[in-house]
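S.K.: Quick one, what's the 3D model for this:
(one chain, ligands or ions: 1)
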Amino acid sequence: MSHKQGRITTQTLQRKKSQKDPIAMITAYDYPTAKIAEQAGAEVLLVGDSVGTTVLGYDSTIPVTVEDMLHHSKAVCRAVDRAMVIADLPFLVAHLSNDEVLKAAGRLMQEAGVYGVKIEGEAQVINNVKALVQAGIPVMGHIGLTPQSVNQLGGYRVQGKDAETARRLINEAKRLEEAGIFALVVECVPEELARTITDQISIPVIGIGAGRYVDGQVLVFHDLLNIGGTFSPSFVKRYAEVGELIHQGIRRYVEEVKERKFPEEKHVFRFETLHSNQLLSK
Ligand code: KIV
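M.R.: Residues are numbered from 1 along each chain as shown. Below you'll find the predicted structure:
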């Protein structure tokens with residue numbers, strides 16, 4: 001990835017926080033939609049391990065592998081000129097040895113070309129965050145509802161609703177900042193808690209289901225466009241019904257094939273010099 005003029009960097013995001021200019025982040029998993037997301041103005045594209053549920057058909061992010069992340073990150077990076085591309089370290093990787101975490105993050109940067117990685121978790125991942133930062137890898141943290149721990153959390157629930165867990169999350173945000181992360185995703189927490197974290201740390205806080213008083217927002221591509229979803233969390237706003245549009249388009253295509261309405265005259269090729277009856281006659 002070259003450092004072209006106009007590229008979004010950690011400094012750009014930091015400046016946005018100080019100027020109170022909200023950051024727009026969205027997930028992306030493939031070339032065409034990453035291109036559309038960048039052209040529509042998203043500053044950060046997250047190759048989230050939500051690829052597992054949105055694209056790969058798993059019922060959680062747990063089965064997603066580093067190879068999956070590489071495959072999708074490569075496609076997204078090929079599409080992008082300016083936006084910052086961040087890839088999730090998938091399930092368990094952030095808890096492996098320093099060497100293994102460095103190797104996975106290094107592959108995502110060198111082979112796919114992502115700008116940096118996102119790590120879910122708090123105290124348990126601090127040493128690996130430090131190792132990555134020391135190696136020059138930009139790290140985005142992720143606390144609150146961390147989907148990789150869904151089994152332990154007992155489902156996708158709002159986190160930090162009581163004073164003790166709220167205080168713990170504020171402290172973990174500070175520890176992660178000290179460890180060197182450049183931004184922090186805070187997912188599914190009360191608005192007041194996200195606001196407190198945003199006020200008490202100096203790096204950008206990107207919220208998802210975390211209310212209005214954060215430095216930026218992130219949503220899952222398929223959620224905000226309602227593609228393939230059956231369940232939609234209450235914090236999601238559906239900006240378009242793209243799934244329905246795709247359904248209608250394909251349905252019309254199927255009908256026209258069956259009714260022999262497609263292809264039409266304008267869709268077929270003709271010989272230049274030969275007449276069909278010459279070809280057909282023996
Ligand atoms: O994987 C993902 O899409 C994420 C977002 C929910 C922040 O981590």
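S.K.: So which bits of the stretch 51-200 of the chain are right by the ligand?
M.R.: Contact residues, the stretch 51-200 of the chain versus the ligand (C-beta under 6 Å from any ligand atom): 88, 142, 185, 187. Every C-beta, even on glycine, is put in place using the N, C-alpha and C of the backbone.
S.K.: Flag the shaky bits of the stretch 101-250 of the chain, pLDDT-wise.
M.R.: Residues of the stretch 101-250 of the chain meeting the criterion pLDDT under 70: 230.
S.K.: change it to 50
M.R.: Counting by pLDDT under 50, not a single residue of the stretch 101-250 of the chain qualifies.
S.K.: sorry, back to before: by neighbours, which of the residues of the stretch 51-200 of the chain next to the ligand wins?
M.R.: residue 88 (31 neighbours; other C-beta atoms under 10 Å).
S.K.: Disregarding residues adjacent in the polypeptide, which is nearest to it?
M.R.: residue 49 (4.1 Å; C-beta to C-beta, 6 or more residues apart in numbering).
S.K.: Pull up the per-residue confidence for that neighbour.
M.R.: Note for residue 49: predicted pLDDT of 97.
S.K.: same deal with residue 6?
M.R.: 89.
S.K.: so who does it touch?
M.R.: Contacts here follow C-beta atoms under 8 Å, 6 or more residues apart in numbering; on that basis residue 6 touches residue 82.
S.K.: Secondary structure class of the closest residue in space to residue 191 that isn't next to it in sequence, three-state.
M.R.: With sequence-adjacent residues excluded and distances taken as C-beta to C-beta, 6+ apart, residue 191 is closest to residue 211, at 2.8 Å. Residue 211 carries the three-state label coil when classified by DSSP: H, G, I helix; E, B strand; the rest coil.
S.K.: residues near residue 211, how many?
M.R.: Using other C-beta under 10 Å, residue 211 has 17 other residues around it.
S.K.: Could you pull up the residues touching it?
M.R.: Contacts for residue 211 were tallied using C-beta under 8 Å, 6+ apart; they are 190-192, 194-195.
S.K.: so who does the closest residue to the ligand within the chain touch?
M.R.: For the chain, the residue closest to the ligand is residue 48, as judged by C-beta to the nearest ligand atom, at 2.4 Å. Shown in contact with residue 48 (C-beta under 8 Å, 6+ apart): 27, 29, 61, 88, 118, 220.
S.K.: likewise residue 102?
M.R.: By C-beta under 8 Å, 6+ apart, residue 102 lies in contact with 131-132, 135, 137.
S.K.: go again using 7 Å as the cut-off
M.R.: When contacts are counted by C-beta atoms under 7 Å, 6 or more residues apart in numbering, residue 102 is found next to 131-132, 135.
S.K.: Only the buried subset of these, as a PyMOL command please.
M.R.: Restricted to buried positions by 16 or more other C-beta atoms under 10 Å, the PyMOL selection for those reads:
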select buried, resi 131+132
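S.K.: Which single one of the contacts of residue 102 is nearest to residue 205?
M.R.: Of all the contacts of residue 102, residue 205 sits closest to residue 132, with 19.5 Å by C-beta to C-beta.
S.K.: in a helix, that's where that closest one is, yeah?
M.R.: Yes. With three-state DSSP as the criterion, residue 132 is part of a helix.
S.K.: Look up which residues are beta-bridged to the closest residue to it other than its chain neighbours.
M.R.: Among residues not flanking residue 132 along the chain, residue 139 sits closest, at 5.0 Å (C-beta to C-beta, 6+ apart). Using DSSP bridges, the beta-bridge partners of residue 139 come out as residue 117.
S.K.: so residue 139 touches residue 130, yeah?
M.R.: No. Taking contacts as C-beta atoms under 7 Å, residue 139 lies outside contact range of residue 130: 9.2 Å.
S.K.: Identify the contacts common to the two.
M.R.: Shared contacts of residue 139 and residue 130, defined by C-beta under 7 Å, 6+ apart, comprise residue 180.
S.K.: Look at those two and report which has more neighbours.
M.R.: Between residue 139 and residue 130, counted using other C-beta under 10 Å, residue 139 has the larger neighbour count: 27 against 16.
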